[in-house]
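Novice: Okay, here's the prediction I keep looking at, along with the sequence it came from:
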Amino acid sequence: MAGQKWEPFQGRKPKAIRKIRRPPKVGRITVAEACKAAAEVSEEREQMAFVNWLLMQGVFFYAINNGARTMGEAVKLKRLGLRKGICDICIPLPIAPYHGLYLELKRQSGGVVSKEQKACIEVLRKLGYKAEVARGCEEAIRIFQEYTQGST
């Protein structure tokens, strides 16, 4: 797959992807309109808009959802390997010269990148991944599109 351009699923989607429920369509809006609606909201809303866009594209990804948890949940997840600073979205799609794409999403205005997140991004880059901070859904989509088209 290295060196090839990414294209959405050809023909029938894998069973796991076919079963994913999409939110009901309410009128026709563009991706830009959906992202602008999330512009003045939380990082969580930005990520939801981007995740929905990825699902519509048929992209395989992993969303690492950090958030408020009970003490018991936090202890359990830490034992399972969850660590501070890991990027929000992992797209294990190798496109030369990268092994995959990691995105740390922040809201369009105000979101702060922590020192742990900066360190994680630096390590991922040294390991051969494309790792970026995206300020909002639109920027995340732009980074993904540039990545899949081979632009760096």
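Specialist: Everything's here; your move.

Novice: what's the model's confidence in the longest helix along the chain, averaged?
Specialist: Ranked by residue count, the top helix of the chain under DSSP state H comes out as helix 43-57. The average pLDDT for helix 43-57 rounds to 88.

Novice: what lines up beside the helix or strand following that helix in the sheet?
Specialist: Per DSSP states H and E, helix 43-57 leads on to strand 62-63 as the next helix or strand towards the C-terminus. Paired strands of strand 62-63, with direction, are strand 89-91 (antiparallel) (DSSP bridges).

Novice: list the helices and strands the longest helix of the chain packs on?
Specialist: helix 31-37, strand 89-91, strand 101-106, helix 137-148 (3 or more C-beta pairs under 8 Å, 6 or more residues apart in numbering; DSSP states H and E). For the C-beta atoms, the positions are set from N, CA and C on the backbone; glycine is no exception.

Novice: Buried ones in that helix, by neighbour count?
Specialist: 43, 45-51, 53-54 (16 or more other C-beta atoms under 10 Å).

Novice: repeat for stretch 97-109
Specialist: 98-108.

Novice: Can I get it in CSV? Just the C-alpha atoms.
Specialist: Output of stretch 97-109 as CSV, limited to C-alpha atoms (Å, rounded to 0.1, in the frame of the first residue of the first chain):
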residue,chain,number,x,y,z
PRO,A,97,6.9,8.2,3.4
TYR,A,98,4.7,7.8,6.5
HIS,A,99,3.5,4.7,8.4
GLY,A,100,0.1,6.4,9.3
LEU,A,101,-1.6,9.6,10.4
TYR,A,102,-2.2,10.8,14.0
LEU,A,103,-4.3,13.9,14.7
GLU,A,104,-4.7,15.8,17.9
LEU,A,105,-8.0,17.8,17.5
LYS,A,106,-8.5,21.1,19.2
ARG,A,107,-11.4,23.5,18.9
GLN,A,108,-10.9,26.3,16.4
SER,A,109,-10.2,28.9,19.0
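
Novice: Output the longest helix of the chain in CSV with nothing but the alpha carbons.
Specialist: The C-alpha trace of helix 43-57 is given here as CSV (Å, rounded to 0.1, in the frame of the first residue of the first chain):
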residue,chain,number,x,y,z
GLU,A,43,-13.3,20.0,21.0
GLU,A,44,-15.6,17.1,21.5
ARG,A,45,-18.1,18.5,18.9
GLU,A,46,-15.2,19.2,16.5
GLN,A,47,-14.1,15.5,16.9
MET,A,48,-17.6,14.2,16.4
ALA,A,49,-18.0,16.2,13.1
PHE,A,50,-14.6,14.9,11.9
VAL,A,51,-15.4,11.3,13.0
ASN,A,52,-18.7,11.4,11.1
TRP,A,53,-16.9,12.7,8.0
LEU,A,54,-14.3,9.8,8.3
LEU,A,55,-17.2,7.3,8.5
MET,A,56,-18.8,8.8,5.4
GLN,A,57,-15.5,8.3,3.6
